[in-house]
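>>> The sequence and its predicted three-dimensional model are supplied below.
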Amino acid sequence: MAYRALGARVLSIALMDAPTAQAPRGKRWRKYLSETHDLPVDERYFSGPPTRSLASLSLLKDGWWPLIHGDQASWLIELVERTPLPNGLDDEAIDLVHANHFFTLPFVRRLVGKRRAPVVLETHDVQASQFLLRNRDGFFISPQIGFDALLAIELEWMRTADICVHLNYEECELFERLLPQMRHALVYPAVPPAAQSRRSERIIAVASGHYPNYLGIKWLLEEVLPLAPQVSIDIVGDIDQVIKARDKRLYDAYRHLFLGRVPEIEWVYERAACVLLPTLGGFGLSIRTVEALSSGAPLIATPLAFRGLNVDLQEIRNVTVAADAPSFAAALRHVHARSSCGDGVTPNCTSDTRRFFDRVFGFDAYVEALSGIAAEMLVA
């Protein structure tokens, strides 16, 4: 959408990350197509490693064997190496390639071929960290690959791009230090805003079923809420199923707080008097934090909720940062007391959080950043 706003003709090339039937056949392709039917592009292409690649001895040796030791980087690279160029793509005029994730670059290398098309790589966090996080709940055999080895694979492929675009501040600083000879740019993503808080009725926490979210919600229930027993909150998202599976006792004690997955998240933010961000783990920019900022509601958050953001939180007046359970609970009691006596401030588009969101994560800011990068690359 951003490149179209700049007047470009945009092609989308979707790559499946597992051996699969040719699109649109197969359950995974049907799911992807149903979720992206309104993708704002001019032409769509699809590809992925064919199912016959599962019988390849080279994939067994170079992909599957590293994978069972936790090397998801090599596995994805090998799959993409076996992903063919879609029919008709050779006839397209391509002036610039914007690639998501380093492991798509083997495909991009073949796509570019003899074309003089610069490659913009959007790194999407430090993938070595993400791989290790996923490995935590998987079954792998020893010796398991470590962070340094995964990072080395990531850096090797990143060097083949013309510029690396990073979506958060810490990631940008790290890669600038590790790859000083390359061009880098910090471009915060354009995130669709959540509904603005209007009625100020409830204190909410929104969490999906990822392990770092489990740690944060568990801490909120076990260490914070006992210090604010009079406060009732709503916990939204499929984190309820993770809590139930990992700690049935805790789930049973607080089951009345869980709303589970909801069809439309907008109504949750619309009635939020305050949004809680009890973040204790994870890497990269937190989309839940960005969503909460866009709602305009007051926030109570741990410092890690703002990872990846180069911002002085003291300048955002409706954010309370609480580094431990007692201070988090104190802030929670304060918000509850103000709401109970009708002294809450109705957040809107003029709140500090919403203004910060528009300035940093708004669509216009993203288009302006990409415009500068494209201009630099196309004249280089």
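Thanks, I have it.

>>> show me where pLDDT drops low in this structure?
Scanning the chain for pLDDT under 70 picks out 199, 340-349, 380.

>>> so what are the domain limits for it?
As given by automatic domain parsing, the domain ranges for the chain are 2-190+363-379, 202-361.

>>> closest to Q196 out of the ones you listed?
Nearest to Q196 among the domains of the chain is domain 202-361; the distance by C-beta to C-beta comes to 4.9 Å. To be clear about C-beta, it is placed using only N, CA and C from the backbone, and glycine gets the same treatment.

>>> how about the strands of the stretch 151-300 of the chain, start to end?
Remark: strands assigned in the stretch 151-300 of the chain by DSSP state E, counting those that start in this stretch are 163-166, 183-186, 202-206, 233-236, 258-260, 272-277, 299-301.

>>> What is the end-to-end distance of stretch 307-317?
18 Å (C-alpha to C-alpha, to the nearest Å).

>>> residues near E223, how many?
Residue neighbour count, defined by other C-beta atoms under 10 Å, stands at 15 for E223.

>>> Could you count how many residues lie near the residue nearest to it when sequence neighbours are not counted?
Nearest residue to E223, sequence neighbours excluded (C-beta to C-beta, 6 or more residues apart in numbering): A325, at 3.9 Å. Neighbours of A325 under the rule other C-beta under 10 Å: 19.

>>> contacting residues for the nearest residue to A292 once chain neighbours are set aside?
Leaving aside its sequence neighbours, A292 sits nearest to V275 (C-beta to C-beta, 6+ apart; 4.2 Å). If you count contacts by C-beta atoms under 8 Å, 6 or more residues apart in numbering, V275 has them with 203-206, 269, 292, 295, 297-300.

>>> And for A128?
Contacts of A128 (C-beta under 8 Å, 6+ apart): 73, 147, 150-151, 153-154.

>>> Recalculate using a threshold of 6 Å.
Applying C-beta atoms under 6 Å, 6 or more residues apart in numbering, we find A128 in contact with 147, 150-151, 154.

>>> Same question for V41.
10, 12.

>>> Just the buried ones from the contacts of A128, in PyMOL syntax?
In PyMOL, a selection of the buried entries from the contacts of A128 looks like this (16 or more other C-beta atoms under 10 Å):
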select buried, resi 150+151+154
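
>>> For R4, state which of the contacts of A128 is nearest.
E154 (29.8 Å).

>>> Surely the closest one touches Q127?
Yes. Counting by C-beta atoms under 6 Å, Q127 is a contact partner of E154 at 5.5 Å.

>>> what about V120, is that helix, strand or coil?
At V120 the chain is in strand, as set by DSSP: H, G, I helix; E, B strand; the rest coil.

>>> beta partners of it?
H98, I163 (DSSP bridges).

>>> Report how many residues lie close to it.
Neighbourhood size, V120 [other C-beta under 10 Å]: 22.

>>> which ones are touching it?
With C-beta under 6 Å, 6+ apart, V120 has these contacts: 98, 163, 165.

>>> now L132
L132 touches F147, counting by C-beta under 6 Å, 6+ apart.

>>> what do you get for P278?
Contacts of P278 by C-beta under 6 Å, 6+ apart are 216, 219-220, 302.

>>> let's go with 8 Å and repeat that
Counting by C-beta under 8 Å, 6+ apart, P278 makes contact with 205, 216-217, 219-220, 224, 301-302, 305, 328.

>>> what comes up buried for the helix or strand hosting L133?
Secondary structure from DSSP states H and E places L133 in helix 127-135. By neighbour count on 16+ other C-beta under 10 Å, the buried set for helix 127-135 is 127-132, 135.

>>> which of those residues sit farthest apart?
Q127 and N135 (12.3 Å).

>>> Looking at the domains of the chain, which one is packed in the most?
Mean neighbour counts were compared across the domains of the chain using mean count of other C-beta atoms under 10 Å; the top stretch is domain 202-361, at a mean of 18.

>>> Between the two ends of that domain, how far is it?
Terminal residues of domain 202-361 are spaced 25 Å apart (C-alpha to C-alpha).

>>> For it, what is the distance to the chain centroid?
With C-alpha atoms, centre = their mean, to the nearest Å as the basis, domain 202-361 stands 17 Å off its chain's centre.

>>> sorry, back to before: can you put the domains of the chain in a markdown table and add distance to Q196?
Formatted as a markdown table, these follow (distance: least, C-beta to C-beta, whole Å):
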| stretch | distance to Q196 |
| --- | --- |
| domain 2-190+363-379 | 16 |
| domain 202-361 | 5 |
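
>>> sorry, back to before: tell me, what's touching E154 and Q127 both at once?
Joint contacts of E154 and Q127 (C-beta under 8 Å, 6+ apart) are 73, 102.

>>> Can I get the strands of the stretch 151-300 of the chain in TSV including distance to L332?
Converted to TSV, those look like this (distance: least, C-beta to C-beta, whole Å):
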stretch	distance to L332
strand 163-166	34
strand 183-186	33
strand 202-206	7
strand 233-236	8
strand 258-260	18
strand 272-277	7
strand 299-301	6
